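Chemist: Predicted coordinates and the sequence they were generated for:
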Amino acid sequence: MTLLNAPPARGGDSLAPQGLIARGAGAQMAAQNADIARTFRRMADLLEIEDANPFRVRAYRRAAETLDDLAEPVARLLARGADLSDLPGVGEDLAGKIAEISRTGRLAALEAVEARTPSALAQLGTIPGLGPRRIRALHERLGVVTAADLKQACLDGRVRRIPHFGRAFETRLLTALRGGAAAAARRRLAEAEDDAHSLQARLERAPGVARVVVAGSFRRRQETVGDLDLVVAAPNGTAVGDALAAFEEVATVMAKGPTRTSVVLASGLQVDLRVVQPDSFGAALVYFTGSRSHTIALRERAKARGLKLNEYGVFRGDTRIAGRTEEDVYEALGLAFIPPELCEDRGEIAAGAQGRLPRLIALSDIRGDLHVHTDASDGRESLDAMVLAARARGYGYVAITDHSAHARVAHGLDVTRLSAQLDAIDRLNARLQGIVALKASEVDILKDGRLDLPDEALARLDLVVAAIHSDFGLSRGEQTRRLLRAMDHPRVSIIAHPTGRLLGAREGYAVDMDAVIAHARNRGCALEINAHPSRLDLNDIQARAAKSAGARLSIGSDAHTSLGLGHMRLGVDQARRAWIEPQNTLNTRSWPELKALIAR
DNA sequence: GCCGTTTTCGGCCCGACTGTTTTCAGTCG
Ligand SMILES: Nc1nc2c(ncn2[C@H]2C[C@H](O)[C@@H](COP(=O)(O)OP(=O)(O)OP(=O)(O)O)O2)c(=O)[nH]1
Ligand SMILES: [Mg+2]
Ligand SMILES: [Mg+2]
Ligand SMILES: [Zn+2]
C-alpha cells in the first residue's frame, strides 16, 4: 500500500482566502491531501454560513475526513488512474473537485462562494457559542466580517438588538474576544494523562458514583486530544456535576444540567462530563467514546435494522434491548465489541460485522525495547540503570541504541567510544540474569544515505537502528533515496522515527512514504513506531499502511531515562490504532526469534 | 453532495443545555 498525509494542519488558520492555496516560492507542486481537506472544510464552513443544505455541508466534511485518512497522496492516485469516486463519501462531483485542487491548487467553486461570503467569517466560528446562523446574522445585519468588526459591534451595543442575541450573549462575546478568542490548542495525549487520572480519581469519590471512564479521543488514544470527556455511572447527575464544578482547578462552568456538565480548567483544558444511570453506562460509553463518525455509522446501522441507538441504549420501539455494557450494545447491533482505538470509521464496523477484527497488539505482548539511550550519548542514566529498569519491566532484552558521532549535540559515540560501550555491555551481560542487553546503535543516516559507522564497527552489533537527524531540508526525491539507501545496508534492521515529525513543533521531512514502506517490505527492514510522546512516528495511518504492505514494525520507547521506558505503551496505543497484531511487530518476539528474523 | 441485500429518489444520528425563545432556535457533544 501507500503513504500518508502531511501531519495535521500547519499552525493557526490564516485569515487569507483559501481558494488559492499558498505555496512555497516557485514550488509548483501538487496540492497535498491535507491542503485539499482544508479547502473542503473551508467550503463547508462558508456554505453552512450561507445556510446551504446541511447534508451538502456534511458531504464536504466527510470527504475531508476521508482525505485525512488516506495513506497515499491524491496526486499519486490520480497518476495511477484511480477512480477517486471509489473513496468513501466521494462521488462524481467531489472527485472532480479533488482533481481540480490537486492539479491547480485552487477550487473555482470555493472562490465563487468566497466572492459572496468572506472567508474570514469562518474564523468567527472558533468563538464558543458562535455558530453559522449567528455569524450569518452578524454579517447580514451588521456587516461584521472580522473579529475586530464584531468587537466594535458589541461595544456599540448593536449586537444585542439582533434576534436571538441579547445582552448576555453580547457580554459573553466581548469576554471571549478580549481573551484573544482563540480556541484552546489541542494537546499531546501524554500531557493530558495526569489531568485525566486526577479527575477520574476524584470523581470516583463523588456522591453515588459507580464508574468513571475517560472516553472521547483520550480513550481512542488519539495522538492529541482537544478536551477530556468523562462518562460516569451514578444515580444523581446533578450531584456529580456539582462535584466537578467545585474542583479547585475549574475556571469556568460552561454548561451544567442534570446529565451533562462542561467546564474549562485554569489550564485551558475543557472537560465534558456525562452522567447516566448504570443500566445505560455501556451505551453512554459507546456514545462518548466516539468517534463522531463511528457513532453516526453505528446509529445508521441501528436504524437500518429497525432499532434506535442513543446514549441510553439500543431500543426496539420503546423497549430497551441493550445498554448496560458496550458488549451488549455492539451485540444488539450484530457486531463484535470494537476496541476504542479502532473507533474511527475506518472500516471497523464492517470488520466487526464479519468477525474480522484484528487481534490487536497489547502492552503485554511486548518482550523487549529496541530503542534506548544511556548517558553515553544524550540519555540521562547509566547503562546499568537502563538495563535494570528494562528488566524490572519484565523485558527479556533491551537494545542499547546510543547515537553515533555525527549526532554531535547528542554527544554521539565514535568508533572508539562505541567499542568501549560494547565491552561494557558484554561485561554487564556476563553478570546479569533475566535480561540480555543488545549491542546496538542508533546510527545516523548521512546526507547521502551512507551510515555514520564503518562496517567493521557495525559488524560487532547485535542490532542496527538507523535514523535521520540532520539535513531535513532535502527534496522529497533526495530524502527518499537517502532512506532507501540506508535500508539497502544489510545490517540495518530498523529505521527509527521514519518521518522525523515532532508533534506540535515540526512537520516531518518530505519523503515518499509509499516508496519507503515498499522498500522496507522488500528489504525485510522494520519501520519504527517511535513511542516518544512528541514523536509517535510512524503515526497510526502510516503504520497501518506499512502493515497492509507487509512491512514489519518495531515499537521503541526512545527512552532517555528509566522512566522513559514507560512510553512504550504510547507506541502500543498507536500500533493498536494502526490495526497492528503481534506478528506484525519485531519486539513481540523472544530475542532468539528476533535474532533469526533480522539475520539476512 | 452522497448513497443503495429494503431504495437510483428521498433520505441523511440523536440528544442536552442555553436563553428572552412564549413554544423553540442555535450550538454543541
Ligand atoms: N452522536 C453524536 N455524538 C457526538 C457528536 N459529536 C461528538 N459526539 C461524541 C463522540 C465524541 O467522541 C464524543 C466527545 O466529543 P468531542 O468533541 O470531545 O470529540 P473527541 O473527544 O472525539 O475529539 P477531541 O479530541 O475532543 O476533539 O462525543 C455528534 O455530533 N453526534
Ligand atoms: Mg474530546
Ligand atoms: Mg468533548
Ligand atoms: Zn533515539
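Modeler: Now that the structure is in, tell me what you want to look at. Numbers count the residues shown, from 1 in each chain, chains lettered A, B, ... in the order given. Ligands and ions are numbered 1, 2, ... in the order given.

Chemist: Tell me what the closest residue to residue A:426 other than its chain neighbours is bridged to.
Modeler: For residue A:426, ignoring the flanking residues on the chain, the nearest one in space by C-beta to C-beta, 6 or more residues apart in numbering is residue A:439 at 7.7 Å. Using the backbone N, CA and C atoms, a C-beta is placed for each residue, glycine as well. Assessed by DSSP bridges, residue A:439 has beta-bridge partners residue A:400.

Chemist: quick one, what contacts residue A:439?
Modeler: Listed by C-beta atoms under 8 Å, 6 or more residues apart in numbering, the contact set of residue A:439 reads A:400, A:421, A:422, A:425, A:426, A:460, A:461, A:462, A:463.

Chemist: From these, which land in strands?
Modeler: If you go by DSSP state E, the contacts of residue A:439 have A:400, A:463 in strands.

Chemist: how about JSON lines for the contacts of residue A:439, with pLDDT added?
Modeler: Output for the contacts of residue A:439, formatted as JSON lines (pLDDT from 0 to 100):
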{"residue": "A:400", "pLDDT": "98"}
{"residue": "A:421", "pLDDT": "98"}
{"residue": "A:422", "pLDDT": "98"}
{"residue": "A:425", "pLDDT": "98"}
{"residue": "A:426", "pLDDT": "98"}
{"residue": "A:460", "pLDDT": "97"}
{"residue": "A:461", "pLDDT": "98"}
{"residue": "A:462", "pLDDT": "98"}
{"residue": "A:463", "pLDDT": "98"}
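
Chemist: May I ask which of the contacts of residue A:439 has the most neighbours?
Modeler: Most neighbours among these, by other C-beta atoms under 10 Å: residue A:400, with 30 neighbours.

Chemist: Pick out the residue of the stretch 251-400 of chain A closest to ligand 1.
Modeler: The stretch 251-400 of chain A approaches ligand 1 most closely through residue A:290 (2.0 Å), counting by C-beta to the nearest ligand atom.

Chemist: Check which residues of stretch A:171-179 are buried.
Modeler: A:172, A:173, A:176, A:177 (16 or more other C-beta atoms under 10 Å).

Chemist: So which residues on the stretch 351-500 of chain A come close to DNA strand B?
Modeler: Within reach of DNA strand B by C-beta under 7 Å from any atom of the strand, the stretch 351-500 of chain A has no residues at all.

Chemist: on that earlier part again, what's the pLDDT at the residue nearest to residue A:426?
Modeler: Looking at residue A:439, its pLDDT reads 98.

Chemist: can you list the residues of the stretch 401-550 of chain A near ligand 4?
Modeler: residue A:442 (C-beta under 5 Å from the ion).

Chemist: 6 Å - rerun?
Modeler: A:442, A:496 (C-beta under 6 Å from the ion).

Chemist: before we move on, back to that, from the buried residues of stretch A:171-179, which two are the most distant?
Modeler: Of all pairs drawn from the buried residues of stretch A:171-179, the greatest distance, 9.7 Å, lies between A:172 and A:177 (C-beta to C-beta).

Chemist: The residue of the stretch 251-400 of chain A closest to ligand 1: what's it in contact with?
Modeler: A:215, A:216, A:217, A:220, A:343.

Chemist: can you map out the strands along the stretch 1-150 of chain A?
Modeler: Assigned by DSSP state E, counting those that start in this stretch, the stretch 1-150 of chain A shows no strands.

Chemist: Right, and ligand 2 sits closest to which residue of it?
Modeler: residue A:128 (14.6 Å; C-beta to the ion).

Chemist: Would you mind confirming that that residue makes contact with residue A:176?
Modeler: Yes - under the criterion of C-beta atoms under 8 Å, residue A:128 makes contact with residue A:176 at 6.2 Å.
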